[in-house]
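In: Need a 3D model of the sequence below.
(one chain, ligands or ions: 1)
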Amino acid sequence: MIEAHALHKRYGRLLAVDGISFKVEPGEVLGFLGPNGAGKSTTMKMIAGFLAPTAGTAKVCGHDVQSDAMAARRALGYLPEGAPGYGEMSPAAFLGFVADVRGLVGARRKERLDAVLERLSLRGVLHQPIDTLSKGFKRRVGLAAAILHDPPALVLDEPTDGLDPNQKHEVRGLIRELARERTVLLSTHILEEVEAVCSRAMIVARGKVMADATPAELLARSRYQGAVSLLATDSIAARAALDGMPGVSGFHQDGDDGRLYVFPQGSKPVPLDAVAERLRHRGVAHRGLQPERGRLDEVFRRITTAEAKP
Ligand SMILES: Nc1ncnc2c1ncn2[C@@H]1O[C@H](COP(=O)(O)OP(=O)(O)OP(=O)(O)O)[C@@H](O)[C@H]1O
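Out: Predicted structure coming up:
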């Protein structure tokens, strides 16, 4: 379990983290989302014991990260933002060094090294300097170092940053697999990642938690949920045909692709068949009529912009 209670971090005059509290249970993947500078990395560094909080406490598997630092660090695997250091070392040398620091010896050391090399498919690059590896392999080396001692809790700072779509897919699969019996806290800028791997998402802005919900609950806050959209040859005619239809509250036309969004009244979805029938009846040609499931990007923007209310 990972717990944060009223964490604060001040850098001079800047209050980078302003009272963040949460609890993540085993089996949960909590995604930390927020604009640049929101305080995500700072919070993660405090949980990992790399930075002392200005106020507040954090615990990893019940161990306070400050007063019981060694036990907390033993229980935690941490992937810092960016690539691992020691770029001149090979993965073999670097992971051997991490194993030594973690106090792994004998058969257990060999077993854990074999397990992570296999899990992260690192055998092909074992003796190449880390600096010369692709971004994907660098992230894998970082992940291997984070899970080498088989910790019950993981803090992963932007684990898929800079990876190509295939590598992202692979790393997300690995995180889901790791999360089965572990507690995972990860940060990301990628909204689709939240739906792909997170059981819960916390939106942070200006050092404060602005939302803490499941991805489905966040989607339900989108005004696009329950809307239908279509591409009409004549959008003005389409709007005129649908204006005043029961269950329809308004329209929005996308400036880029011209797609027309028809918004519902209240929580009941706009009836797709009735829309199709009405357009047919009025002779409005259209294609791509589809229901909308909501948009995380819109919810994220609304919650994190200055006007947003918590
Ligand atoms: N060592 C430091 N000294 C002074 N200010 C810092 C320091 N580290 C971070 N900050 C500032 O604290 C704020 C929060 O930074 P942090 O890196 O935690 O944000 P973040 O949410 O992780 O951002 P990003 O998504 O860009 O990684 C930012 O304004 C940043 O400039």
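In: List the buried residues in stretch 155-173.
Out: The neighbour-count check on stretch 155-173 (16 or more other C-beta atoms under 10 Å) flags 155-161, 163, 167-168, 170-172 as buried. From N, CA and C alone the C-beta is placed, and that goes for glycine too.
In: out of these, which are inside helices?
Out: 167-168, 170-172 (DSSP state H).
In: from those, which single one is nearest L230?
Out: Closest approach to L230 among these (C-beta to C-beta): K168, at 31.1 Å.
In: Tabulate the buried residues of stretch 155-173 (TSV), appending distance to S187 and pLDDT.
Out: Compiled in TSV, the buried residues of stretch 155-173 are given as follows (distance: C-beta to C-beta, whole Å; pLDDT from 0 to 100):
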residue	distance to S187	pLDDT
V155	9	97
L156	7	95
D157	5	94
E158	6	92
P159	8	91
T160	10	89
D161	9	85
L163	15	82
Q167	18	83
K168	15	87
E170	19	85
V171	14	87
R172	14	90
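In: Name whatever forms a beta bridge with the residue in the stretch 201-310 of the chain that the ligand sits nearest to.
Out: Residue nearest to the ligand within the stretch 201-310 of the chain (C-beta to the nearest ligand atom): V204, separated by 6.7 Å. For V204, the beta-bridge partners are V209 (DSSP bridges).
In: give the contact list for it.
Out: 20, 32-34, 38-40, 43, 210 (C-beta atoms under 8 Å, 6 or more residues apart in numbering).
In: hmm, which of those residues are the buried ones?
Out: Looks like those have 20, 32-34, 38-40, 43, 210 buried, using 16+ other C-beta under 10 Å.
In: quick one: the strands in the stretch 51-200 of the chain?
Out: Secondary structure of the stretch 51-200 of the chain, counting by DSSP state E, counting those that start in this stretch: strands at 55-60, 63-64, 76-79, 153-157, 183-188, 200-205.
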